[in-house]
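In: Let's see this in three dimensions:
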Amino acid sequence: MAATRLEGTRGLVRPVPELGRQGLHPRPRGLGHLALVVERPGDRRDRQAGRPRHVPDAHPGRRFLHLSHRLNTPTLDGNLLGCQHLSPILKRFRSRLKEDAVRAARTVGALAVTVLVSGGLAACGSSDSTSASSDAGGSYGDCTPVGTFGEYSLDTVTDDTLTIKADLPSTGWFDGDTVEDIDSGYEYCLAADIAYQAGLSSVTLINVSFDQLVSGTLTGYDLSLDEISITDDREKVVDFSDPYYESTIGVMTKADADVTADNLASLKIGVKQGTAAADWVTDTLQPTGDVSVYPGDAEAQAALASGQIDAYLQDTAIELGVAKKSGGTLTVVGQYESGQAYGAMFPKGSSNTAVVNKIIAGLKKDGTLDQLSEDYLGPAFGGDPASIDTWTVQ
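Out: Prediction:
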């Protein structure tokens, strides 16, 4: 549909329907979102609606406002949205929005408003307007948050959004081919649950390298969920929540490779820089063969596939998803017990740790974490991690 210039606005407005995604929690086709994209002068390019929470590489020249609504009410106006200056726009499209709202009311979740300005997320309106929009919930991709909206409070770096820094994407944990595609997965939906119970209307993802992530030097984020093992060394520079997932160290090889517990230490091994597996290889396995350190999983997997290394050691919970996605060319042949567990990571001294611990405890108690594992990790792994042989260091 062509863009329309409205009185009282400086840009162009066009309605953009977004189809619902079909997944483990599918939305009715055609009713996923209805978005209004307010384009500022000098930027008329079409943009995909419905993904304001992803900011992998903000561009200062991209200036636009994005409103993403989950419709469950036939009443849409400036007061409800908490942004009085948008009333002329909403009045112009009131009839169209009301028709869609009535049709969607029986099947779609709560109304959410997310505003993206110049590549960054910002709240709009007064404290009263924030309360009005918060009562209606938020926008969390394909996840269905549990608990009570706004039961807890977090001190966030950006109003009304939970900012996550992580090494993205990650099969089963943050599902998507690119950062912009991510809208589901175990850790993404865990982030959605935390945001929802903290009264935040969205999750913002920022992509960083894992080595940088665990260095303790990063700022500008609320927490990280990135299959990060809790270790004593890391706790010197960052804070962790209570564990939410226990993991082991897996041994991934090419499908036709002859790698066993007996010969592993003498072979060419690859590890990812900054990981607990890399430390474990040095401190516990103590191999006699060459060890290559890679900046990311993708580089290590490419080296494995090309024969530069014989085995790649990384968390089993990460490797299983990669092996399944490889179409049978890679496989996980064994795993080592390491006593490791994943926790949410915070900047050192964060005031949010205790609150997130309460939320995680509730998600354990009500079975939500088990359900997330069943919904996302089971299909991603293609099997039960317990079925993989457990090796001991020779």
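In: from here on, contacts and neighbour counts on C-alpha atoms
Out: OK.
In: Sketch out the strands for the protein, chain order is fine.
Out: 4-5, 12-18, 33-39, 64-69, 116-117, 120-121, 162-166, 203-207, 238-254, 269-272, 291-294, 311-315, 330-347, 390-391 (DSSP state E).
In: quick one: which of those strands has the weakest pLDDT on average?
Out: Here the strands of the chain differ in mean pLDDT, and the lowest is strand 116-117 at a mean of 30.
In: count of neighbours near the residue nearest to residue 246 when sequence neighbours are not counted?
Out: Spatial nearest neighbour of residue 246, excluding adjacent residues (C-alpha to C-alpha, 6 or more residues apart in numbering): residue 341 at 4.1 Å. By other C-alpha atoms under 10 Å, 17 other residues sit near residue 341.
In: Okay, residue 341 and residue 331: tell me how far apart.
Out: To residue 331, residue 341 is 23 Å away according to C-alpha to C-alpha, to the nearest Å.
In: so where's the stretch 251-394 of the chain shaky on pLDDT?
Out: Across the stretch 251-394 of the chain, nothing is flagged by pLDDT under 70.
In: before we move on, what about the stretch 51-200 of the chain?
Out: If you take pLDDT under 70 as the line, the stretch 51-200 of the chain has these spans: 51-138.
In: residues contacting the closest residue to residue 354 other than its chain neighbours?
Out: Excluding its sequence neighbours, the residue lying closest to residue 354 (C-alpha to C-alpha, 6+ apart) is residue 241, at 7.6 Å. For residue 241, the contact set (C-alpha atoms under 8 Å, 6 or more residues apart in numbering) comprises 343-346, 353-354, 356-357.
In: Also residue 356?
Out: 194, 241.
In: from here on, count from 47
Out: Got it, first residue is 47 now, which makes that one residue 402.
In: do you know how far it is from residue 378?
Out: Taken as C-alpha to C-alpha, the span from residue 402 to residue 378 is 33 Å.
In: Next: residue 354.
Out: 17 Å.
In: And residue 254, by the same measure?
Out: 26 Å.
In: which residues sit in contact with residue 434?
Out: So residue 434 contacts 378-381 (C-alpha under 8 Å, 6+ apart).
In: Let's have these in JSON lines, adding distance to residue 305 and neighbour count.
Out: Below are those laid out as JSON lines (distance: C-alpha to C-alpha, whole Å; neighbours: other C-alpha atoms under 10 Å):
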{"residue": "378", "distance to residue 305": "10", "neighbour count": "24"}
{"residue": "379", "distance to residue 305": "8", "neighbour count": "21"}
{"residue": "380", "distance to residue 305": "9", "neighbour count": "23"}
{"residue": "381", "distance to residue 305": "12", "neighbour count": "24"}
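In: can you redo those residues as a markdown table with distance to residue 299?
Out: Listed next are the contacts of residue 434 as a markdown table, based on distance: C-alpha to C-alpha, whole Å:
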| residue | distance to residue 299 |
| --- | --- |
| 378 | 6 |
| 379 | 7 |
| 380 | 10 |
| 381 | 12 |
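In: Out of those, the closest to residue 372 would be?
Out: residue 378 (11.5 Å; C-alpha to C-alpha).
In: Spatially, what comes nearest to that closest one if we skip its sequence neighbours?
Out: Nearest non-adjacent residue to residue 378 (C-alpha to C-alpha, 6+ apart): residue 298, at 4.3 Å.
In: try residue 439
Out: Counting by C-alpha to C-alpha, 6+ apart, the residue nearest residue 439 is residue 331, at 6.2 Å.
In: Ok, residue 303 next?
Out: That would be residue 356: by C-alpha to C-alpha, 6+ apart, it lies 7.5 Å from residue 303.
In: How much space separates the one you found from residue 362?
Out: As judged by C-alpha to C-alpha, residue 356 and residue 362 stand 17 Å apart.
In: likewise residue 204?
Out: 34 Å.
In: So which of the two has more stuff around it?
Out: Neighbour totals were compared for residue 204 and residue 362, and residue 362 leads with 23 against 16 (other C-alpha under 10 Å).
In: if I pick that one, what's in contact with it?
Out: Residue 362 sits in contact with 293-297, 378, 381, 431, where contact means C-alpha under 8 Å, 6+ apart.
In: try it again with 10 Å
Out: By C-alpha atoms under 10 Å, 6 or more residues apart in numbering, the contact set of residue 362 is 293-298, 323, 368, 378, 380-382, 427, 431, 434.
In: can I have stretch 353-371 written out in CSV, keeping just the CAs?
Out: Below are the C-alpha coordinates for stretch 353-371, written out as CSV (Å, rounded to 0.1, in the frame of the first residue of the first chain):
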residue,chain,number,x,y,z
GLY,A,353,40.0,-31.5,8.2
GLN,A,354,42.2,-28.8,9.8
ILE,A,355,41.3,-30.3,13.2
ASP,A,356,40.1,-33.7,14.3
ALA,A,357,37.8,-32.7,17.1
TYR,A,358,36.0,-29.6,18.3
LEU,A,359,35.4,-29.4,22.1
GLN,A,360,32.6,-27.1,23.2
ASP,A,361,29.5,-27.4,25.4
THR,A,362,27.4,-30.5,24.4
ALA,A,363,24.3,-28.3,24.5
ILE,A,364,25.8,-26.2,21.7
GLU,A,365,27.4,-28.9,19.7
LEU,A,366,24.2,-31.1,19.4
GLY,A,367,22.3,-28.3,17.6
VAL,A,368,25.2,-27.7,15.2
ALA,A,369,25.6,-31.4,14.5
LYS,A,370,21.9,-31.8,13.7
LYS,A,371,22.0,-28.7,11.5
